[in-house]
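Engineer: Could you work out the structure for the sequence below:
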Amino acid sequence: MTSTRTLVVDDDLGIRQTLEGVLTDEGHRVRTASTRAEALSSLRSHPADLVLLDLKMPGMDGVEVMRRASRDYPDLLIIILTAFGSIDSAIEAVRAGAADYLLKPSSIRDTEAAIARALARRPLGRRQTGPSEREVDGAPASRTLRRTPLTLDMETNVANLSIMGWGQPR
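Structural biologist: Below you'll find the predicted structure:
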């Protein structure tokens, strides 16, 4: 099994360093960013499978970053971390595609559980690729039609239906 490519985005150096150390010990390949610009640049140059994203940072709306990243990298899993949680921000984050929403301070155990849940929802073998190399279920994106949870390879007429929890190892 390949390690998960994880991007930690938070303006707090201590949080970035702690998550980087813990996740690296768990087998993740971790990159970090402290700003919106660094996060989006990192995703362009180093595709990630998972992003842990602080919702509120100076000069940055985490939901807007999530929308941009999700638009360019539709298989990217994003977990929101915030010290400013509210029902409204949680609803907005989930509607924008967040895989999970955690309040800070969050225990390492809760963070690892959120990551495990998010990765379990990803179809087996699916990894995020850069925009120029993106494939969907092993086929070039140009010949695929994806409407979650259904992906259709229009050349081979093969459909892939991904239902949360089905086909996942127990």
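Engineer: what about residue 8, how many neighbours?
Structural biologist: Using other CB atoms under 10 Å, residue 8 is surrounded by 25 other residues. No exception for glycine: its C-beta is placed from N, CA and C like everyone else's.
Engineer: in what helix or strand does it lie?
Structural biologist: Assessed by DSSP states H and E, residue 8 sits inside strand 5-9.
Engineer: Quick one: distance of that strand to the chain centre.
Structural biologist: Centroid displacement of strand 5-9 relative to its chain, using CA atoms, centre = their mean, to the nearest Å, is 8 Å.
Engineer: Need the residues that contact it.
Structural biologist: Strand 5-9 has contacts (CB atoms under 8 Å, 6 or more residues apart in numbering) with 15-16, 19-20, 23, 28-34, 38-39, 42-43, 46-54, 57, 62, 65, 115, 127-128.
Engineer: Give me the buried entries from those.
Structural biologist: 15-16, 19-20, 23, 28, 30-34, 39, 42-43, 47-54, 57, 62, 65, 115, 128 (16 or more other CB atoms under 10 Å).
Engineer: Out of the residues you listed, list just those in helices.
Structural biologist: Counting by DSSP state H, the buried ones among the contacts of strand 5-9 place 15-16, 19-20, 23, 39, 42-43, 62, 65, 115 in helices.
Engineer: Please report the distance of residue 55 from residue 84.
Structural biologist: Going from residue 55 to residue 84 by CB to CB, to the nearest Å gives 7 Å.
Engineer: more crowded one of the two?
Structural biologist: Taking other CB under 10 Å, residue 55 and residue 84 do not tie; residue 55 has more neighbours (27 against 11).
Engineer: Got the confidence number for that one?
Structural biologist: As predicted, residue 55 sits at a pLDDT of 91.
Engineer: I'd say it and residue 62 touch.
Structural biologist: Yes: Residue 55 is within contact range of residue 62, at 3.9 Å (criterion: CB atoms under 8 Å).
Engineer: what's the overlap in contacts for those two?
Structural biologist: Residues within reach of residue 55 and of residue 62 at once, by CB under 8 Å, 6+ apart, are 80, 82, 93.
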